[in-house]
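Peer 1: I would like to see how this sequence folds:
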Amino acid sequence: MDVKNAFLNDDLTEEVYMQPPLSSFVPSNKVYKFRRALYDDMIITGDDPTSIYSLQQFLCHQFEMKDLGLEISQDSSGYFLTQVKYTSDLLARAGLTDCKTVTTHVDPQTCLTPLEGSLLSDATKYCQLVGSLVYLTVICLDIAYAVHIVSQFMANPRSPHYDALIHILCYLKGTLFHSLHYSAQSSLQLHAISDADWAGDPTDRRFTTGFCFFLGTSFIAWRSKKQTLVARSIFHSSATNLYCDNQSAIQIAHNDVFHDRTEHIKINCHFIRQHVTQGTVRLLFVTSTEQTVDLFTKAHLPGRFSDLLAKLKLLFALLA
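Peer 2: This is a model prediction of the structure:
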């Protein structure tokens, strides 16, 4: 569940807590039979459906809450995460319960710009649907790039943008029961893959960057973004494998000789070289055809799109 946070864009007169106050609204464990997670005081777990529903109702009376519809099941192979109900409700709100399905999240022939097509008479529905899709990317990483594209036109959506939005929803209709799988046999080796398109935005020619992190065979983080990424420190006992399909970038990271063409990236190169030297990151080359993170940086034809999904291994195992 998520607390609605529209107040973040408003002028506040209330006292805002950056950490939970000592006396919070969360009821005691004795009443609801929950236990706190070991590493996060804001996460509580339990397996009593009655207590879970009771807590949800309690929170809804105290705050404006939104149920994200995250569903978790398990078998001997591990855990499966889905958002079937949330997706079904979204399709119903969009009037697409019986729509035809498509095989990719983005039509590769589509090239969206801010000024082509007619303005929507009312942008409310567009914004609501895009907002709901953002929630879905918590689990549906295969639509991350598509949602990244349509979310750029929230201020003044036009007819081609809306068509692209409907295309995403039709794709979700065909992948409704796909799940994010976390294997019980996965190793704890951390791997990272990064990529960027080449000036892919037709309007400002900015790059779209994508990255993903595996813990063994399980995805734990991913992003598709048209901006500079914020680095976060991760402590790990062994070096993180960072796969890149650019041999020059790898050589520059290892080589301390700079020239005029690399002046603008000198600081970033020093940063990554420091981690390479310290052994916290290991740079490995991967060919463009084997670049899994292409899924987050550009649209693809159905064959290539299916190949990229297959590279995610058990990630989208179909629930029975």
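Peer 1: give me the mean pLDDT for stretch 186-206.
Peer 2: The average pLDDT within stretch 186-206 is 80.
Peer 1: need the contact list for Ile272.
Peer 2: With contacts defined as CB atoms under 8 Å, 6 or more residues apart in numbering, Ile272 is in contact with 253, 281. For every residue, glycine as well, the C-beta is placed using N, CA and C.
Peer 1: ok but it is inside a helix, no?
Peer 2: Yes: counting by DSSP: H, G, I helix; E, B strand; the rest coil, Ile272 is located in a helix.
Peer 1: gap between it and Ala192?
Peer 2: For Ile272, the distance to Ala192 equals 12 Å [CB to CB, to the nearest Å].
Peer 1: next one: Leu91
Peer 2: Taken as CB to CB, the span from Leu91 to Ala192 is 34 Å.
Peer 1: next one: Leu115
Peer 2: 37 Å.
Peer 1: between the two, who's got more neighbours?
Peer 2: Ala192 (19 against 8; other CB atoms under 10 Å).
Peer 1: give me every residue that touches that one.
Peer 2: 211-214, 240-243.
Peer 1: backbone dihedrals for the residue nearest to it when sequence neighbours are not counted, please?
Peer 2: Nearest residue to Ala192, sequence neighbours excluded (CB to CB, 6 or more residues apart in numbering): Leu242, at 4.6 Å. Backbone dihedrals for Leu242, given as degrees, to the nearest 10, come out at phi -110, psi 110.
Peer 1: where does Leu242 land on pLDDT?
Peer 2: For Leu242, the pLDDT comes out at 77.
Peer 1: picking up where we left off before, what about the contacts of Ala192, which are in strands?
Peer 2: Among those, the members found in strands (DSSP state E) are 211-214, 240-243.
Peer 1: can you confirm Cys60 is in a helix?
Peer 2: Yes: membership of Cys60 in a helix is supported by three-state DSSP.
Peer 1: give me the pLDDT for it.
Peer 2: The model's pLDDT for Cys60 equals 84.
Peer 1: now do the same contact list for the most centrally placed residue in the chain.
Peer 2: With distances taken as CA atoms, centre = their mean, Thr137 lies nearest the centre of the chain, 4.6 Å away. Taking CB under 8 Å, 6+ apart, we find Thr137 in contact with 143-144, 147.
Peer 1: in ChimeraX, how would I select the buried members of these?
Peer 2: With 16 or more other CB atoms under 10 Å as the criterion, this ChimeraX line picks the buried residues out of the contacts of Thr137:
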select :143,144,147
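Peer 1: which one of the contacts of Thr137 is nearest Val286?
Peer 2: Ala144 (19.5 Å; CB to CB).
Peer 1: how far away is that closest one from Val134?
Peer 2: Applying CB to CB, the value for Ala144 to Val134 is 10 Å.
Peer 1: over to Leu115?
Peer 2: Applying CB to CB to Leu115 and Val134 gives a distance of 24 Å.
Peer 1: which residue ranges form the strands in the chain?
Peer 2: Along the chain, counting by DSSP E, strands occupy 2-3, 35-36, 44-45, 65-66, 71-75, 78-82, 180-183, 190-196, 209-215, 218-225, 240-244, 281-285.
Peer 1: pick out the shakiest of those, pLDDT-wise.
Peer 2: When I compare these, strand 35-36 is least confident, with a mean of 65.
Peer 1: pull the contacting residues for Gln291.
Peer 2: 193, 195, 243, 245 are the contacts of Gln291 under CB under 8 Å, 6+ apart.
Peer 1: now with 6 Å?
Peer 2: Residues near Gln291 by CB atoms under 6 Å, 6 or more residues apart in numbering: 195, 245.
Peer 1: pLDDT score for it?
Peer 2: Gln291 carries a pLDDT value of 83.
Peer 1: for it, grab phi and psi.
Peer 2: Dihedral angles (degrees, to the nearest 10) for Gln291: phi -80, psi 100.
Peer 1: domain-wise, how is the protein divided?
Peer 2: The chain resolves into domains spanning 2-67, 188-301 when parsed by automatic domain parsing.
Peer 1: for the residue lying closest to Phe214 once chain neighbours are set aside, give the beta-bridge partners.
Peer 2: Of all residues not flanking Phe214 in the chain, His191 sits nearest, at 4.3 Å (CB to CB, 6+ apart). Taking DSSP bridges as the rule, His191 bridges to Phe214, Asn241.
Peer 1: surely His191 meets Leu242?
Peer 2: No: taking contacts as CB atoms under 6 Å, His191 lies outside contact range of Leu242: 8.0 Å.
Peer 1: which of the two has more residues huddled nearby?
Peer 2: Counted by other CB under 10 Å, His191 and Leu242 do not tie: Leu242 has more neighbours, with 22 against 17.
Peer 1: tell me the contacts of the more buried one?
Peer 2: 192, 281, 283.
Peer 1: alright, I will stop here.
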